[in-house]
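what shape does this take:
(chains A and B)
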2 protein chains.
Amino acid sequence: MDEFARIRLWTGGRQRPEWQRSRGVVVGIGDDAAVLEPDREGAGAPRHLVWTIDTMVEDVHFSTSTMDDADIGWKALASNVSDIAAMGAEPRHALVSVSMPRSRDPERVRRLYDGLYECADRYGVAIVGGDTTASPDRLVVTVALGGSVEAGKAVTRAGARPGDLVFLTGPVGLSAAGLHWLSGAAGNFTGPVPLEAAEAAGTAALVRAHRRPQPSVAAGRLLAASGACTSLNDVSDGLASEAREIAEASGAALVIRERLLPVPGDLAAYARAAAGGDGARAGELLLGWMLGGGEDYVLLGTMDPAAAGRLAAAFREAGLELHVIGEAEAGPAGVWLEPADGGPRRPAGAAGYNHFGVGREEGR
Amino acid sequence: MDEFARIRLWTGGRQRPEWQRSRGVVVGIGDDAAVLEPDREGAGAPRHLVWTIDTMVEDVHFSTSTMDDADIGWKALASNVSDIAAMGAEPRHALVSVSMPRSRDPERVRRLYDGLYECADRYGVAIVGGDTTASPDRLVVTVALGGSVEAGKAVTRAGARPGDLVFLTGPVGLSAAGLHWLSGAAGNFTGPVPLEAAEAAGTAALVRAHRRPQPSVAAGRLLAASGACTSLNDVSDGLASEAREIAEASGAALVIRERLLPVPGDLAAYARAAAGGDGARAGELLLGWMLGGGEDYVLLGTMDPAAAGRLAAAFREAGLELHVIGEAEAGPAGVWLEPADGGPRRPAGAAGYNHFGVGREEGR
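Purely as a prediction, here's the structure:
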């Protein structure tokens, strides 16, 4: 199969030209570069552009024993959508570069694109170009994503002030717990662990969180529009390290209260099961997944406390979650955890949490 | 060295914030995503955005025996600049994703960024973000590049009409000849072949063309502004295959006259030397490099013959090359070569040219 036949197999007939046109696509896949109209406010001033890029490498960021090909495609785009959400922006156009071993079945690559386009359709992203190349050993998927935001409305990591409330737009730790279960189950299957096995084990919600994360675009848009969100980050690398990024960019201390962290029932139940009923060990596992797990793609941020009631109401009305989990303090940049047992606060980034094997090495 | 220390080593202090600001950068490296102002025509309507992405994989697109680390960085950006040039657009902002083996010396990665920033400075590109990850075995570099063009002025591959003239903005085949010499010389050195060795062998111009290609942005801008350029493509994969892309997108036949192809003296001399003085073999080598070599990053296109004199004068005045090498004809899409010896025309894409080992697998 030659280059063009393969690109047709992977990208042909996926997004209707009229729909792409409605997303500002003037020239899409197939020329030297894509040509796009910038978004405007009505017929007026153009929005700012918001750009990000993320790479996923086989056996570094994912394993084909825990992730289906379609999941890999979904997540490669979703991780970028989450970065756009973390600026308060809307995702718009993506470029996709896939490097794969020549021996890789083109059908498997097609399934990777299936997942990628599912995520694109879910978030209204037009796929406008890309690159496909050989890779000697391992699959490498890079997505560059462009979005837009009203001029002056982008929310960075740098604005947290003492007294601000620290919030999350959803629970953290589900993805890490899902990976924990998948890693244990992987030996029982030749291909990726089937979802049916997770359903039988009662871990389907965790596995879905790991394989099909749902970035928080709507929450990010509400936060940017509110004018009251002082800093924002997405939880791709773990709550503790994302909080540290905000703390360092803002020159503030963030205090996270363990008892305020949202814990879904499925997550608590799996922690108990994984600990073999040892309650203390279950608590350690749970906290490790929550603070160090990453890949949850909810948003972490700070807000003006005077706006807390207004924002809570807006989130409730939109059917979105908003959890206040602590507050910002003056003082040297850092992240503190106030334990649920009433013990003294301690640094939240302590070693020992980042031990989940497969995961993001680093990123921006 | 941790993530942030490495990113500082590689990207710190490279481009002054004031300069980036003058390029529309609102938020640059260091947050979840970059925030950029779209270009406008004066204070008026925004320009169209032009986006492309290209990946280079070690041992597929380059070898560290023929390319210095800085050359790899230069070329990773230059190949994208060339795609932007091929739309008649100006390059503006880039995202850079580098995946590397954990054992790779951070100093070598810094040299890769040296070359990347040299190319960025040469073409006025602001590096606004990126991703760095581990890769188990091989270096993978992906650059996504955004540019801008006046609304409605982008030139695609699809507009060639019968009677149009086919042109090149510079010679082709130099890069392939340089790689040919480098591949033969590589065994004599432990690291990349030094430029001094090429200077001693009289092949420095070829080696520079291979390692430090100079995309044709100024030529592309002239062509887009002229309104007379009916199709445009950059020569990344070889003249024959790039011409075929225009022919297929336009539904036209392109005829290339061998005697009109520009042949620099250095290229002809190396072909004679590589053929051991066998004139016929030298001609075959030369034609193979020109038609199938690729990575020259000049522009190939078609133009309205009525504008030929005006364009030739404009290029001369700007100190740029413009070579008419044939014409477009009606009829089924295809590319014909009219041999210099007066023999009958034959398909230009005949098998046997794409045998240069390391090279682009495919791309858009």
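
make it CA atoms for all contacts and neighbour counts henceforth
Noted.

sec struct for the closest residue to chain B within the stretch 101-250 of chain A, please.
The stretch 101-250 of chain A approaches chain B most closely through A:D131 (5.0 Å), counting by Cα to the nearest Cα. Look at A:D131: counting by DSSP: H, G, I helix; E, B strand; the rest coil, its state is strand.

just checking, it touches B:W51?
No. The criterion here is Cα atoms under 8 Å, and A:D131 misses it with B:W51 at 12.0 Å.

from what I see, A:E150 and A:A45 are in contact.
No. With contact defined as Cα under 8 Å, A:E150 and A:A45 do not form a contacting pair (9.1 Å).

tell me the contacts of the most centrally placed residue in chain A?
By Cα atoms, centre = their mean, the mean C-alpha position of chain A lies nearest to A:Y297, the distance being 2.8 Å. Under the criterion of Cα atoms under 8 Å, 6 or more residues apart in numbering or on different chains, the contact list for A:Y297 reads A:S79, A:S82, A:P213, A:Q214, A:P215, A:S216, A:D234, A:V235, A:S236.

try 10 Å this time
The neighbourhood of A:Y297, defined by Cα atoms under 10 Å, 6 or more residues apart in numbering or on different chains, consists of A:78-83, A:85-86, A:169-172, A:175, A:209-210, A:213-217, A:233-238.

likewise A:P262?
Under the criterion of Cα under 10 Å, 6+ apart, the contact list for A:P262 reads A:L168, A:T169, A:G170, A:P171, A:V172, A:G173, A:M290, A:L322, A:H323, A:V324, A:I325.

just those residues: which are in strands?
The subset of these located in strands under the criterion DSSP state E comprises A:L168, A:H323, A:V324, A:I325.

who does the second one bridge with?
On the basis of DSSP bridges, A:H323 takes part in beta bridges with A:L168.

what about the residue of the stretch 101-250 of chain A closest to chain B, how many residues nearby?
21 (other Cα atoms under 10 Å in any protein chain shown).

three-state assignment of the residue nearest to A:T66 when sequence neighbours are not counted?
If you skip the residues right next to it in sequence, A:T66 has A:P192 as its closest partner in space, 5.1 Å away by Cα to Cα, 6 or more residues apart in numbering or on different chains. Three-state call for A:P192 (three-state DSSP): coil.

ok, A:P192 - how many residues close by?
By the other Cα under 10 Å criterion, the neighbourhood of A:P192 contains 18 residues.

repeat for the one 10 residues further on
Counted with other Cα under 10 Å, the neighbours of A:G202 add up to 14.

which among the contacts of A:P262 end up buried?
Buried residues within the contacts of A:P262, defined by neighbour count using 16 or more other Cα atoms under 10 Å in any protein chain shown: A:L168, A:T169, A:G170, A:P171, A:V172, A:G173, A:M290, A:L322, A:H323, A:V324, A:I325.

and the pLDDT at A:V358?
A:V358 carries a pLDDT score of 31 in this model.

what touches both of A:D131 and B:W51?
Taking Cα under 10 Å, 6+ apart as the contact rule, A:D131 and B:W51 both touch A:L95.

tell me where the stretch 151-300 of chain A has strands.
Assigned by DSSP state E, counting those that start in this stretch, the stretch 151-300 of chain A shows strands spanning A:165-168, A:229-234, A:253-257, A:299-303.

using a markdown table, lay out those strands together with mean pLDDT.
As requested, those are arranged in a markdown table below (pLDDT from 0 to 100):
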| stretch | mean pLDDT |
| --- | --- |
| strand A:165-168 | 98 |
| strand A:229-234 | 98 |
| strand A:253-257 | 98 |
| strand A:299-303 | 98 |
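
now those in TSV, with distance to B:G115?
TSV is the format used below for the strands of the stretch 151-300 of chain A (distance: least, Cα to Cα, whole Å):
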stretch	distance to B:G115
strand A:165-168	41
strand A:229-234	31
strand A:253-257	39
strand A:299-303	36
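
so for B:E338, which of the ones you listed sits nearest?
Each of these has some distance to B:E338 by Cα to Cα; the shortest is strand A:229-234, at 58.8 Å.

what parts of the stretch 151-300 of chain A come near chain B?
If contact is defined as Cα under 10 Å from any Cα of the partner chain, the residues of the stretch 151-300 of chain A in contact with chain B are A:151-152, A:154-158, A:232-234, A:245-246, A:249.

restricted to buried residues, select those in PyMOL.
Burial among those is assessed by 16+ other Cα under 10 Å; the matching PyMOL selection reads:
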select buried, chain A and resi 151+154+155+156+157+158+232+233+234+245+246+249
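
could you give me the buried positions within stretch A:248-258?
Of the residues in stretch A:248-258, those buried under the neighbour-count criterion (16+ other Cα under 10 Å) are A:E248, A:A249, A:S250, A:G251, A:A252, A:A253, A:L254, A:V255, A:I256, A:R257, A:E258.

run through the stretch 1-150 of chain A and note the low-pLDDT ranges.
In the prediction, the stretch 1-150 of chain A carries residues with pLDDT under 70 at positions A:1.

let me see the ranges of the strands in it.
Under the criterion DSSP E, counting those that start in this stretch, the stretch 1-150 of chain A contains strands at A:25-27, A:34-36, A:48-57, A:90-100, A:126-134, A:140-149.

dump those to TSV, plus distance to B:A185.
Converted to TSV, these look like this (distance: least, Cα to Cα, whole Å):
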stretch	distance to B:A185
strand A:25-27	43
strand A:34-36	39
strand A:48-57	33
strand A:90-100	29
strand A:126-134	25
strand A:140-149	31
